[in-house]
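>>> dropping the sequence and predicted coords here.
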Amino acid sequence: MRFSALRVLKEGLTGNKGWTAHWRDPEPKAEYDAIIIGAGGHGLSTAYYLAKNHGMTNIAVLEKGYLGGGNVGRNTTIVRANYFLPGNTEFYSHSLKLWENLEIDLNYNVMHSQRGLINLFHSDGQRDSFARRGNAMINQGDDAVLLDRDGVRKLLPYLDYENTRFPIYGGLLHPRGGTARHDAVAWGYARGADQRGVDLIQNCEVTGIDIENGKVTGVQTTRGAIKAKKVAMVVAGRTSQVAAMAGMKVPVESTVLQAFVTEGLKPVINHVVSFGMGHFYISQSDKGGLVFGGDVDFYASYAQRGNLPMAEHVMEAGMTLMPMIGKAKVLRSWGGIMDMSPDGSPTIDKTHIDGLFLNCGWNYGGFKAVPASGWCMAHLMATGNHSEHATRFLLNRFKTGYDLLDEEGTGSQHNLH
Ligand SMILES: Cc1cc2nc3c(=O)[nH]c(=O)nc-3n(C[C@H](O)[C@H](O)[C@H](O)COP(=O)(O)OP(=O)(O)OC[C@H]3O[C@@H](n4cnc5c(N)ncnc54)[C@H](O)[C@@H]3O)c2cc1C
């Protein structure tokens with residue numbers, strides 16, 4: 001089934017009876033060429049690109065819950081390529097290019113909206129560091145515009161410019177940054193992978209990883225044993241638990257990140273805005289809700305819900321930046337389990353066990369990485385070599401200290417540095 005304007009029109013006029021299921025619901029086979037654990041954004045995109053770019057279709061994606069029920073359907077949907085350091089810049093740049101063609105590639109409306117992202121700065125020092133970051137983005141071939149205070153005011157007139165504690169000096173505009181509908185991204189990749197023959201198996205928890213003589217041979221699941229010579233762990237916040245099944249201790253901690261959405265309002269915020277002093281960022285969804293979030297809760301947890309002190313902290317930062325937000329009613333809040341790495345950067349790598357691969361450490365920024373992560377992970381699994389876009393996300397960097405990368409040089413928790 002392909003989507004097109006004509007098809008939507010035809011179905012609309014004939015009672016919407018011709019739509020078929022987006023993907024099959026197959027029984028697991030006894031053996032596959034490759035198994036991907038986790039049907040989040042990264043697991044599904046890995047399966048899609050394995051099939052599309054490398055012709056590997058005898059694959060299963062095993063999901064313990066329902067497809068897209070993890071962080072891929074819980075995030076605040078920001079898509080950007082505004083990193084500073086080599087290693088990250090080329091990876092996120094590649095990801096953004098994939099985003100820009102994603103709807104055509106998947107034949108699926110993921111509602112990618114390049115409405116522009118503005119990172120505010122509030123001091124001379126911060127301006128310098130954003131200017132450097134903007135130059136790095138331009139050198140990478142991406143876009144960045146340094147705005148002064150008046151430039152920001154023209155675009156975001158509703159901010160509090162007279163705040164004596166946190167005066168707004170300007171902002172770094174990333175015009176190609178924006179948002180996308182998160183669960184549609186999971187569904188689009190799932191549909192694309194399924195159409196190419198990949199088995200998406202939900203309600204199938206992996207409970208063990210089989211290893212013989214240093215080689216992976218398959219997995220144990222709640223729906224029986226399944227054999228495969230290649231197995232990828234792509235489970236985000238559950239990385240430590242799944243890696244432990246292979247006897248591995250991975251330098252990742254699981255922490256909750258919360259998000260909030262208000263009642264639907266008329267269009268008021270037409271960019272993604274990120275506060276440079278409090279940890280707070282906001283955009284407006286196509287339904288009108290203000291979608292916002294802030295810092296991670298400051299303790300490790302596997303609970304998919306957050307605590308009230310962090311909710312208060314986020315609201316406080318929002319009120320400081322844009323007092324008008326106090327009039328909006330918060331409708332919902334939720335949490336997701338983040339796989340926080342010590343340096344704020346991900347891992348896309350082989351492990352010391354032959355055939356066992358690891359994709360993790362996406363912290364609070366892995367949604368925008370979904371296309372490139374799947375692309376690079378598929379390349380690694382199919383060819384055994386790292387993709388040119390992800391040569392530095394190596395697990396041994398935590399042993400060697402070589403190639404430690406991070407977004408801002410502040411590690412995974414900005415406020416602790
Ligand atoms: C509130 C919030 C806001 C965020 N905002 C942004 C943002 O604006 N921009 C951005 O780029 N990123 C953002 N992120 C981060 C982003 O969502 C994550 O980094 C990314 O989604 C993680 O990768 P994933 O999609 O593969 O994870 P998930 O969707 O969590 O996928 C992992 C899957 O593995 C499954 N699994 C786990 N254990 C097993 C097992 N034993 N067997 C089988 N399956 C298993 C889980 O059920 C889950 O479905 C945000 C996250 C949250 C929670």
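Right, received. Where do you want to start? Numbers count the residues shown, from 1 in each chain.
>>> where does L290 land in three-state SS?
strand (DSSP: H, G, I helix; E, B strand; the rest coil).
>>> who's in contact with the residue in the stretch 1-150 of the chain that the ligand sits nearest to?
Of all residues in the stretch 1-150 of the chain, G40 sits closest to the ligand, at 1.9 Å by Cβ to the nearest ligand atom. Using the backbone N, CA and C atoms, a C-beta is placed for each residue, glycine as well. Residues in contact with G40 (Cβ atoms under 8 Å, 6 or more residues apart in numbering) are G68, G70, N71, V72, A186, V234, V235, A236.
>>> which residues of this structure fall in helices?
5-13, 41-54, 89-100, 102-106, 124-139, 149-155, 182-195, 239-244, 308-321, 370-383, 397-400 (DSSP state H).
>>> tell me which of these is the most buried.
Comparing the helices of the chain by mean neighbour count (mean count of other Cβ atoms under 10 Å), helix 41-54 ranks first with a mean of 27.
>>> run the angle between it and helix 182-195 for me.
40 degrees (axes from the mean of the first three to the mean of the last three Cα atoms, to 10 degrees).
>>> what is helix 41-54 packed up against?
strand 34-37, strand 59-62, helix 182-195, strand 356-360, helix 370-383 (3 or more Cβ pairs under 8 Å, 6 or more residues apart in numbering; DSSP states H and E).
>>> okay, the ones you listed in TSV with mean pLDDT next?
Below are those laid out as TSV (pLDDT from 0 to 100):
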stretch	mean pLDDT
strand 34-37	98
strand 59-62	98
helix 182-195	98
strand 356-360	98
helix 370-383	98
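>>> check the spacing between M377 and G237 real quick.
Using Cβ to Cβ, to the nearest Å, we find M377 at a distance of 17 Å from G237.
>>> ok, which residues in this structure are in contact with the ligand?
37-43, 62-65, 69-72, 74-78, 205-206, 234-238, 242, 257-259, 293, 336, 362, 364-368 (Cβ under 6 Å from any ligand atom).
>>> among the residues you listed, which ones are buried?
37-43, 62-64, 69-72, 74-78, 205-206, 234-238, 242, 257-259, 293, 336, 362, 364-368 (16 or more other Cβ atoms under 10 Å).
>>> among those, which are in strands?
Counted as lying in strands by DSSP state E, out of these, are I37, L62, I78, V206, L257, Q258, A259, G293, G336.
>>> which of those residues lies closest to R127?
Nearest to R127 out of those is I78 (Cβ to Cβ; 22.1 Å).
>>> what's across from that closest one in the sheet?
Beta bridges link I78 to T179, judged by DSSP bridges.
>>> so who does it touch?
Neighbours of I78 in contact, by Cβ under 8 Å, 6+ apart: L117, G177, G178, T179, V272, Y281, S283, F367, K368.
>>> hmm, 7 Å instead?
By Cβ atoms under 7 Å, 6 or more residues apart in numbering, I78 lies in contact with L117, T179, V272, S283, K368.
>>> for the ligand, state which of those residues is nearest.
K368 (3.7 Å).
>>> which residue is the nearest non-sequential neighbour of that closest one?
V79 (4.3 Å; Cβ to Cβ, 6 or more residues apart in numbering).
>>> F393 and T347 touch, don't they?
Yes. Between F393 and T347 there is a contact at 5.3 Å, judged by Cβ atoms under 7 Å.
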